[in-house]
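Asks: fold the stuff below for me.
(chains A and B)
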Amino acid sequence: MKATAVRVRRALAMRSGDGLLRGAVWVLLALVLATLVGQLTGAGGRPDAIVGPRLQPPGSGWLLGTDNLGRSLLPRLLQGIGTTLLLSTLAVACTAVISTALGVVAGYRGGRTAELILRIGDVLYSFPAIVLAVLVAAVLGPGRTTALAAIVLVTVPLMTRMVGVAARAVARREFVTAARISGVSAPTIMLRHILPNVAGTVAVQGTYALSVGILVEGGLSFLGYGVQLPDASLGLLIQEGGLYMVGAPWLIVAPGVVLVAAIMAINLVGDSLRDRFEPRETRSLV
Amino acid sequence: MSEPVLELDDVRVVFKRGRGHTVTAMDGISFRIAAGETLGLVGESGSGKTTTGAVALGLRRPTSGTVRFLGAAQGRRRPRGARAGAVQAVLQNPHWSLNPRLAVADSVAEPLAAVEAGRLRTHHPAALRILDQVGLPASFAQRLPHELSGGQRQRVAIARALITRPSFIVFDEAVSALDVSVQAHILNLIHDLQTEHRFAALFISHDLAAVRYLAHRVAVMRTGQIVELADAHRFYTAPRHPYSRQLLETL
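Replies: Next up is the predicted model:
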């Protein structure tokens, strides 16, 4: 564990001057903090309170304007960010665990095990994401659980394949062969040799899945299968804002900007994660 | 001569390539290696050297023929489990011979942990002792592979192979990727360690100069067959097979 701590510290010291990454981390932190503060202290008012006339541009009582019912956009936006981030993060955590386990086993075992795992993934992958999501909704009924399950189902196939490919490449390396010759058991090889060496892929694919997750949540909420009113999510807000885009553009601009900023920041963090946690050898694989 | 450590008897390995198309990687290969002896295995790429190494290590089951290790025929099932620790390998690419995320001491301790159970850290003292024997001071123990040179990595790989006191080690192109001066050091090291530990070795290489330095006997492979198997001295002074002569001319 001490060695791990040293390694992490060394990795962090290596590129502390990376301004882009810092910016991205700050953006994400700001989003999370704003949500927490908004939800905990009620700053910006209650999301369901009617504070003024309909469709007002940003003003003193309503910092980001009001929507079609006269509700202030700011508290709804904060609530929406929270819902979206929480849902996607939770879903991607599930995806990461499932895909990493399946991918590492497929990559190390190869042969029929890999065929089976990857073919099932291909079947899922052949459905358009939204069809899968609607299928899930038909089984579970609309709501947060549906959004969560849909994100997992949509992101698992690709991530499993990517982790599987990376694990396959690692499994062919000399140190894995040497471990097999030494009589190290298969589970130990997977945990000690394969898993740490695909961690970078998991991080990068995880962030990719996170942005896909945010988009899937948006799509589902648009169709009415995801987060339900009067709750808010970024997707739901953008959908609502789209209806009044000409007369009240602030309704779509604010959540849209937040969505783009969040996705960009997530992808930047993912890229840096790869650079940091992959010692330079592994990067040559890409 | 003492009891052979490894004995291959008329071993054939046939690969299937597509419909009805087969490749014979090993065609009636027989040889034996005694304790403390090095058999050099030379030949061009595609001649079946690496397959021979895999069969000797128990990684690949022969299509026909027998492989005896310390007198016992290789089992039908789980051939590796029974020989864990008794057989080790130093493999070709120093770049990938070590897990880039494992500190040197952990990599070296791993085979011992596999045989005697226990966590990697409990075997660190043994790892430090063996690292010292391959000429790496204790300060290397906590380093990561990317902080080492190619020669240092191969030293670590050798330490890892030696830690279980194996009776047989396969060196598969173990020095081919190193530059010449480093090669000489590593070859010296292998030679000294063999004198001390008396392991049997199969030294696979396309580099006849390196083989000459270590091998007691030399086998020349070509298209899956051994065309000449002779004492090293005799081989290098008076090769009999035309292909051997051709190989030696390039030296």
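Asks: out of the helices and strands in the chain, which is least certain?
Replies: You didn't say which chain, so I picked chain A. Every helix and strand in chain A was compared by mean pLDDT, DSSP states H and E; the lowest is helix A:280-283, with a mean of 44.
Asks: try chain B instead
Replies: Across the helices and strands of chain B, the lowest-confidence element by mean pLDDT, DSSP H and E is helix B:79-83, at a mean of 58.
Asks: can you name the residues in contact with whichever helix or strand comes after it?
Replies: As assigned by DSSP states H and E, the chain's next helix or strand after helix B:79-83 is strand B:87-90. For strand B:87-90, contacts defined as C-beta atoms under 8 Å, 6 or more residues apart in numbering or on different chains pick out A:177-178, A:181-182, B:53, B:57-58, B:69, B:97, B:111, B:154, B:157-158, B:160-162, B:164, B:166-172, B:174. C-beta coordinates here come from the backbone N, C-alpha and C atoms, glycine included.
Asks: now with 6 Å, please.
Replies: Applying C-beta atoms under 6 Å, 6 or more residues apart in numbering or on different chains, the contact partners of strand B:87-90 are A:181, B:57, B:157-158, B:161, B:166, B:168-171, B:174.
Asks: okay, and for the chain, where does confidence drop off?
Replies: Assuming you mean chain A. A:1-18, A:43-44, A:277-286 (pLDDT under 70).
Asks: look at chain B instead
Replies: Along chain B, the model assigns pLDDT under 70 to residues B:1-2, B:74-82, B:251.
Asks: so A:Gln39, which state does it fall into?
Replies: Secondary structure assignment for A:Gln39 (DSSP: H, G, I helix; E, B strand; the rest coil): helix.
Asks: now the residue of the stretch 101-250 of chain A at minimum distance from chain B: closest residue in space that isn't a chain neighbour?
Replies: Residue nearest to chain B within the stretch 101-250 of chain A: A:Gly183 (2.4 Å; C-beta to the nearest C-beta). Nearest in space to A:Gly183, with sequence neighbours left out and distances taken as C-beta to C-beta, 6 or more residues apart in numbering or on different chains, is B:Ala84 at 2.4 Å.
Asks: confirm that A:Leu229 sits in a strand.
Replies: No: read with three-state DSSP, A:Leu229 is coil and lies in no strand.
Asks: tell me which of the contacts of strand B:87-90 fall in strands.
Replies: By the criterion of DSSP state E, membership of these in strands covers B:168-171.
Asks: so which bits of the stretch 51-200 of chain A are right by chain B?
Replies: Contacts of the stretch 51-200 of chain A with chain B, taken as C-beta under 6 Å from any C-beta of the partner chain, map to A:173-175, A:181-184, A:193, A:196.
Asks: with distance to B:Ala127 added, can I get these in JSON lines?
Replies: As requested, these are exported to JSON lines (distance: C-beta to C-beta, whole Å):
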{"residue": "A:Arg173", "distance to B:Ala127": "21"}
{"residue": "A:Glu174", "distance to B:Ala127": "19"}
{"residue": "A:Phe175", "distance to B:Ala127": "15"}
{"residue": "A:Ile181", "distance to B:Ala127": "18"}
{"residue": "A:Ser182", "distance to B:Ala127": "13"}
{"residue": "A:Gly183", "distance to B:Ala127": "17"}
{"residue": "A:Val184", "distance to B:Ala127": "15"}
{"residue": "A:His193", "distance to B:Ala127": "17"}
{"residue": "A:Pro196", "distance to B:Ala127": "19"}
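Asks: returning to that earlier point: which SS class is the residue of the stretch 101-250 of chain A closest to chain B?
Replies: Going by three-state DSSP: A:Gly183 is coil.
Asks: isn't it up against B:Ala114?
Replies: Yes: under the criterion of C-beta atoms under 6 Å, A:Gly183 makes contact with B:Ala114 at 4.7 Å.
Asks: who has more neighbours out of those two?
Replies: Comparing A:Gly183 with B:Ala114 by other C-beta atoms under 10 Å in any protein chain shown, the one with more neighbours is B:Ala114, at 23 against 19.
Asks: tell me the spacing between that one and A:Arg180.
Replies: Noted for B:Ala114: a distance of 10 Å to A:Arg180, by C-beta to C-beta, to the nearest Å.
Asks: for the stretch 1-150 of chain A, which segments count as helices?
Replies: Assigned by DSSP state H, counting those that start in this stretch, the stretch 1-150 of chain A shows helices spanning A:2-14, A:19-41, A:73-109, A:111-126, A:129-140, A:144-171.
Asks: okay, those in TSV with mean neighbour count next?
Replies: Shown next, in TSV, are the helices of the stretch 1-150 of chain A (neighbours: other C-beta atoms under 10 Å in any protein chain shown):
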stretch	mean neighbour count
helix A:2-14	11
helix A:19-41	14
helix A:73-109	23
helix A:111-126	14
helix A:129-140	17
helix A:144-171	23
